[in-house]
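**Q** for reference, the sequence and a predicted model appear below.
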Amino acid sequence: MPISELGKRRYRQWFWLLLAAITLYRLAAAAHVGLSVDESHYLLYGRHLAWGYLDHPPMVGVVGAAADFAGHGLLLIRLGPILCYAIALVLLKKLAEDMYGPRVAFGALVLSLCMPIEHLLAAALLPDSTLNLFWCGALLAAWHAVREGRWWQWLLTGVLMGGALLSKYHGFLLPVCLFLYLLMSPQQRVWLRRPQPYAASLVALLVFLPNVLWNAHHDWISYAFQLRHGVSSGTFSVSKVVGSLGGQALAASPVIFGLFVASSIVLLRRPRGEADRFVIWTSVPVFVFFCGIGMFGRILLHWPAVGWWSGLLAVASVVARRVEHGGRAAIRWRRWSVAAVATGMLSVAMLQVALVYPVIGALRHRMEAWDDGLRVRFAWIPSLPPYRPAFDATNELYWAPEVAAHVEAIRATMPRPDRTFMFSACFYSVSQLAVYLDPGTAATTLSSRPDQYMFWFSAAEHKGWDAIFVDDERCPREAKAYLSLFQRMDEARDHITAFRDGLPARSVDVYRFYGFTGKHEGES
């Protein structure tokens, strides 16, 4: 049954009200969640602007620089990503309405709010922030380009594809998906014999060219890193397949992922028109690509996330269509849709609470109290192992400011504070601390393995400096292993424990070194 104009107006009103509410909530919550490893690292990108970095193109550095220029508060750091995600949803709304109508646009928004991974990507300073924005913009521009055929629409598509590439190297999948759509559509295949798609591709390459030139001047290090990190093949195993698919199901909420699989099968078997073909060929190939990689190696949960923009439209359109037809099938699809929303919202609520409050630590201490009480009556019950902050992964968000303050206090006691740098065994410890250190404090890893600090810290220029070594339990390293890089070290150490709402969040050991030799680990 077609939706009346009043119904369409109501769906549009509900969309804007829900989008405004969730955006305001994200802005309010942003200031209460500490910086993650990646956010800290990318914020440092903004302090060292370049056309490329070891693992990513430059766009996240631009967003980080804007946040750093505006101020150092958590809200300002996350303001850009939150706005990028909100605008991406508006672009998706326009695309959905052009394809299917406002009901599908509203349904896609509701589904996105029920996916844990989308809540993380919607507010974190990550390359995905601008990738999502350019990806949705390119989808909208490409949809109108193939239907209306105007040159400026094709060129705009190229510019936006280039922006996606400058945001994250995953952006190369966007022109691949659009090519597959043109190839698989009998009506649109004619575009492959016309110059417009190729002109759009050329424009995308021109926009992306500065990153190519940067890599050319740095031995193609960024591309080589990504090939090793994500594409290099390992050994196939069934457990990797299960882990890859299971990880995607958990990240998106299992029922929603199941609905996507079912909807994709429906649309692949019997697409009703160009809209169905478009959403399938701009979503399914993304998941196939990354799950294929996951069969041989390890993929991170958020890597295929851009596939969900069209995937949400696929699910919302099929559900609306099946429910509208009535019958037993409508009852099944309606029940699964309700289950998807219910389970998804529960997962999201649990995630939001865990990010703000040390729930796992509090529960563990409560369990220890119950265990003590039970063992008084039943001595044979084994005691629980000691609580470790690592049991709660969200503690990672809250330890760095307190430890950084201690590090700066220790640096002030060094013989030459202005010629004292900080280092740790892994880049993520360094980055999380460096964000909160005095801007004049140099930080690095001293690792011989490639990392971003090879661009930011010159060992030769810091020869003769003193240093503070932070031994983090996530990547423990014997302090004496670095003794060959210095003239001497202080055997005494400072043990620092950072707390979160009265519970331990992270413990580190801090050592003092003197007389840096100007070499990295492993250099003779």
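**A** Structure received. Numbering: from 1, shown residues only.
**Q** helices or strands next to the longest helix anywhere in the chain in the packing?
**A** If you go by DSSP state H, the chain has its longest helix at helix 327-356. Here helix 327-356 touches helix 102-113, helix 116-123, helix 254-269, helix 307-325, going by 3 or more Cβ pairs under 8 Å, 6 or more residues apart in numbering; DSSP states H and E. Every C-beta, even on glycine, is put in place using the N, C-alpha and C of the backbone.
**Q** and those: which comes nearest Trp51?
**A** Ranking the helices and strands packed on helix 327-356 by proximity to Trp51 (Cβ to Cβ) places helix 116-123 first, at 24.2 Å.
**Q** just the angle between that closest one and helix 254-269, please?
**A** Between helix 116-123 and helix 254-269, the angle comes out at 90 degrees (axes from the mean of the first three to the mean of the last three Cα atoms, to 10 degrees).
**Q** list the contacts of helix 116-123.
**A** Contact partners of helix 116-123, identified using Cβ atoms under 8 Å, 6 or more residues apart in numbering, comprise 26, 29-30, 33, 78, 81-82, 85, 112-113, 128-129, 132, 250-253, 301-302, 305, 308, 344, 347-348, 351-352.
**Q** for Ala262, which residues are in contact?
**A** Residues near Ala262 by Cβ under 8 Å, 6+ apart: Val318.
**Q** that one and Trp336: what is the separation?
**A** 8 Å (Cβ to Cβ, to the nearest Å).
**Q** what does Lys94 give?
**A** 28 Å.
**Q** and Val110, by the same measure?
**A** Val110 is 14 Å from Trp336, by Cβ to Cβ.
**Q** now do Ile280
**A** When Ile280 is compared with Trp336 (using Cβ to Cβ), they lie 19 Å apart.
**Q** neighbour-wise, which of those two wins?
**A** More crowded of Ile280 and Trp336, by other Cβ atoms under 10 Å: Ile280, with 25 against 17.
**Q** domain map for this structure?
**A** 5-354, 360-387, 394-516 (automatic domain parsing).
**Q** which among those is found nearest to Glu523?
**A** Of all those, domain 394-516 sits nearest to Glu523, with 6.8 Å by Cβ to Cβ.
**Q** what is the end-to-end distance of that closest one?
**A** 35 Å (Cα to Cα, to the nearest Å).
**Q** mind listing the strands in the stretch 401-524 of the chain by residue range?
**A** Shown for the stretch 401-524 of the chain, the strands assigned by DSSP state E, counting those that start in this stretch span residues 420-424, 443-444, 466-472, 486-489, 494-500, 503-516.
**Q** want to throw those strands into JSON lines with distance to Ala145, mean neighbour count and mean pLDDT?
**A** JSON lines is the format used below for the strands of the stretch 401-524 of the chain (distance: least, Cβ to Cβ, whole Å; neighbours: other Cβ atoms under 10 Å; pLDDT from 0 to 100):
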{"stretch": "strand 420-424", "distance to Ala145": "49", "mean neighbour count": "23", "mean pLDDT": "96"}
{"stretch": "strand 443-444", "distance to Ala145": "46", "mean neighbour count": "24", "mean pLDDT": "96"}
{"stretch": "strand 466-472", "distance to Ala145": "50", "mean neighbour count": "22", "mean pLDDT": "96"}
{"stretch": "strand 486-489", "distance to Ala145": "60", "mean neighbour count": "15", "mean pLDDT": "95"}
{"stretch": "strand 494-500", "distance to Ala145": "50", "mean neighbour count": "16", "mean pLDDT": "94"}
{"stretch": "strand 503-516", "distance to Ala145": "50", "mean neighbour count": "20", "mean pLDDT": "94"}
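**Q** hang on, the earlier thing: let's have the helices and strands packed on helix 327-356 in TSV, adding mean pLDDT.
**A** TSV is the format used below for those (pLDDT from 0 to 100):
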stretch	mean pLDDT
helix 102-113	96
helix 116-123	94
helix 254-269	95
helix 307-325	94
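**Q** format those helices as a markdown table; extra columns: distance to Gly137.
**A** As requested, these are exported to a markdown table (distance: least, Cβ to Cβ, whole Å):
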| stretch | distance to Gly137 |
| --- | --- |
| helix 102-113 | 16 |
| helix 116-123 | 17 |
| helix 254-269 | 23 |
| helix 307-325 | 11 |
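**Q** and of these, who's closest to Gln432?
**A** Nearest of the helices and strands packed on helix 327-356 (Cβ to Cβ): helix 116-123, 17.2 Å.
**Q** the closest one vs helix 327-356, what angle?
**A** Helix 116-123 runs at 50 degrees relative to helix 327-356, counting by the same axes, to 10 degrees.
**Q** quick one: helix 116-123 to helix 307-325, angle?
**A** Interaxial angle of helix 116-123 relative to helix 307-325 (the same axes, to 10 degrees): 130 degrees.
**Q** C-terminal to helix 116-123, what's the next element?
**A** Next helix or strand after helix 116-123 toward the C-terminus (DSSP states H and E): helix 128-148.
**Q** before we move on, back to that, which of the strands of the stretch 401-524 of the chain sits closest to Ser237?
**A** Ser237 lies closest, by Cβ to Cβ, to one member of the strands of the stretch 401-524 of the chain: strand 466-472, at 31.0 Å.
**Q** related to what we said a few turns ago, can you say which of the contacts of helix 116-123 are buried?
**A** 26, 29-30, 33, 78, 81-82, 85, 112-113, 128-129, 132, 251-253, 302, 305, 308, 344, 347-348 (16 or more other Cβ atoms under 10 Å).
**Q** in contact with Asp418: list those residues for me.
**A** Contact partners of Asp418, counting by Cβ under 8 Å, 6+ apart, are Gly440.
**Q** tally of neighbours for the nearest residue to Ala108 once chain neighbours are set aside?
**A** Spatial nearest neighbour of Ala108, excluding adjacent residues (Cβ to Cβ, 6 or more residues apart in numbering): Leu312 at 3.9 Å. Neighbour count of Leu312, defined by other Cβ under 10 Å: 29.
**Q** in the longest helix of the chain, which residues are buried?
**A** With burial defined by 16+ other Cβ under 10 Å, the residues of helix 327-356 counted as buried are Trp333, Trp336, Ser337, Ala339, Ala340, Val341, Gly344, Ser347, Val348, Leu355.
**Q** tell me the angle that helix makes with helix 102-113.
**A** Going by the same axes, to 10 degrees, helix 327-356 makes 40 degrees with helix 102-113.
**Q** what mean pLDDT does helix 327-356 have?
**A** For helix 327-356, mean pLDDT is 92.
**Q** what of stretch 58-73?
**A** Mean predicted lDDT for stretch 58-73 stands at 90.
**Q** how far away is Leu483 from Glu521?
**A** Distance, Leu483 to Glu521, by Cβ to Cβ: 11 Å.
**Q** among the two, which residue is more densely surrounded?
**A** Between Leu483 and Glu521, Glu521 has the larger neighbour count (other Cβ under 10 Å), namely 17 against 13.
**Q** wait, the more buried one sits on Leu446?
**A** Yes - if you go by Cβ atoms under 8 Å, Glu521 and Leu446 touch, sitting 5.3 Å apart.
**Q** now do the shared contacts for the two.
**A** Common neighbours of Glu521 and Leu446 (Cβ under 8 Å, 6+ apart) are Tyr482, Leu485.
**Q** for Val341, give me its contacts.
**A** Contact partners of Val341, counting by Cβ under 8 Å, 6+ apart, are Val110, Leu111, Cys114.
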